[in-house]
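**Q** fold the following, please.
(chains A, B, C and D)
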Number of protein chains: 2
Amino acid sequence: MDYWFTDSLPYLLNRAGVALGETFSRRIARYDVTLPMYRVLAILRQTGPKSLGELSSLVSVEMSTLSRMIGTMAKAGQVTRIRPPENGRVVSIEITAKGAALADELMQIAMQFERGILGDMDAAAAEELKTLLRQISQRIDRL
Amino acid sequence: MDYWFTDSLPYLLNRAGVALGETFSRRIARYDVTLPMYRVLAILRQTGPKSLGELSSLVSVEMSTLSRMIGTMAKAGQVTRIRPPENGRVVSIEITAKGAALADELMQIAMQFERGILGDMDAAAAEELKTLLRQISQRIDRL
DNA sequence: GCGCAAATGTTTCAGTTGCAAGTATCTACG
DNA sequence: CGTAGATACTTGCAACTGAAACATTTGCGC
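**A** Residues are numbered from 1 along each chain as shown, chains lettered A, B, ... in the order given. Alright, predicted model coming up:
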């Protein structure tokens, strides 16, 4: 046997991802923000308005799910939906001042969290890890 | 700004994990097996019978969800639930011959899939990546 | 310009999930 | 022994999800 499932990339990736996600979710739960919501806030905050479709692929969430999520975030005053006059099909999602403030606060927590995880890990190794993860995503998209 | 969300570890990890999972799921869909089911089969196949609780933590799935999943897998004749006489609380999940054959077939696909992903990536780099992922999981469990 | 296909979101509905409560078994302690 | 508490799993129920149907807008071919 030259293949060990528990040494396979998808398994290890899923395991680490779920563990990270659960832990971080608990840490931001008191803000009444779920992890995917945080991702939306962070991306809007750092890269400006996005259409639903763009957001969907950026945060890896189904568009129908995201549509509803944006609805509740809009109700909470964190984002707004805008129909740009130049293209009535698209919905541009923009972050509000309130949402931006929240995003800033949460990103502080995320920074600390990531530092805690990478901790004493070699900085170069961490960078290498990230590069590999990016390569993997790209490779799959192209597959 | 010294923090870029889309360069953060949880984001990259989730992105790669979701992409990998979706692609592989599609590839095994014709066997009527979901990705978590495949994980259960592969683990049982390679490491022998496990209790529900053990399986739950190994495949990162809630026990209640897993309990129902094992129910449908049992109906499909892939696994059996056994109450060990020496401990009536536990349910030992064992893979059947049919399940084992299926697991073998799916693991072949998984091997090819992983080779396709890692592709021309440096073997040492891939090993390093896996080591880092293991470290991250451990570090979180201990956190 | 007009009709029709494609693009982009939203809604509906059936199926799934996760939490909390329930059940069964075991263990420890008086 | 008997009973309180812990452990391991299952089930009920409300909330959530994804696929498909729907609605709206745009752009293409004629």
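**Q** quickly find the element holding residue A:127.
**A** In this structure, residue A:127 sits in helix A:123-141 according to DSSP states H and E.
**Q** elements contacting that helix?
**A** In terms of contact count using 3 or more CB pairs under 8 Å, 6 or more residues apart in numbering or on different chains; DSSP states H and E, helix A:123-141 is assigned the packing partners helix B:9-28, helix B:97-118, helix B:123-141. All C-beta atoms are positioned from the backbone trio N, CA, C, and that covers glycine.
**Q** okay, the angle between it and helix B:97-118?
**A** Taking axes from the mean of the first three to the mean of the last three CA atoms, to 10 degrees, one finds that helix A:123-141 is oriented at 110 degrees with respect to helix B:97-118.
**Q** give me the contacts around helix A:123-141.
**A** A:9, A:118, B:7, B:9, B:12-13, B:15-16, B:19-20, B:23, B:117, B:119, B:121, B:125-126, B:128-129, B:132-133 (CB atoms under 8 Å, 6 or more residues apart in numbering or on different chains).
**Q** thought residue A:62 was touching residue A:56?
**A** Yes: with the criterion set as CB atoms under 8 Å, residue A:62 and residue A:56 qualify as a contacting pair; they are 6.9 Å apart.
**Q** which of these two has more neighbours?
**A** Counted by other CB atoms under 10 Å in any protein chain shown, residue A:62 and residue A:56 do not tie: residue A:56 has more neighbours, with 18 against 10.
**Q** gap between that one and residue B:31?
**A** Here the criterion is CB to CB, to the nearest Å. By it, residue A:56 lies 28 Å from residue B:31.
**Q** how about residue A:66?
**A** Distance of residue A:66 to residue B:31, given as CB to CB: 30 Å.
**Q** same question for residue A:10.
**A** To residue B:31, residue A:10 is 16 Å away according to CB to CB.
**Q** these two: which has the busier surroundings?
**A** Taking other CB under 10 Å, residue A:10 and residue B:31 do not tie; residue A:10 has more neighbours (22 against 14).
**Q** contacting residues for that one?
**A** Residue A:10 makes contacts with B:17, B:20-21, B:24, B:110, B:113-114, as judged by CB under 8 Å, 6+ apart.
**Q** what helix or strand is residue A:93 located in?
**A** Since the elements are taken from DSSP H and E, residue A:93 ends up inside strand A:92-95.
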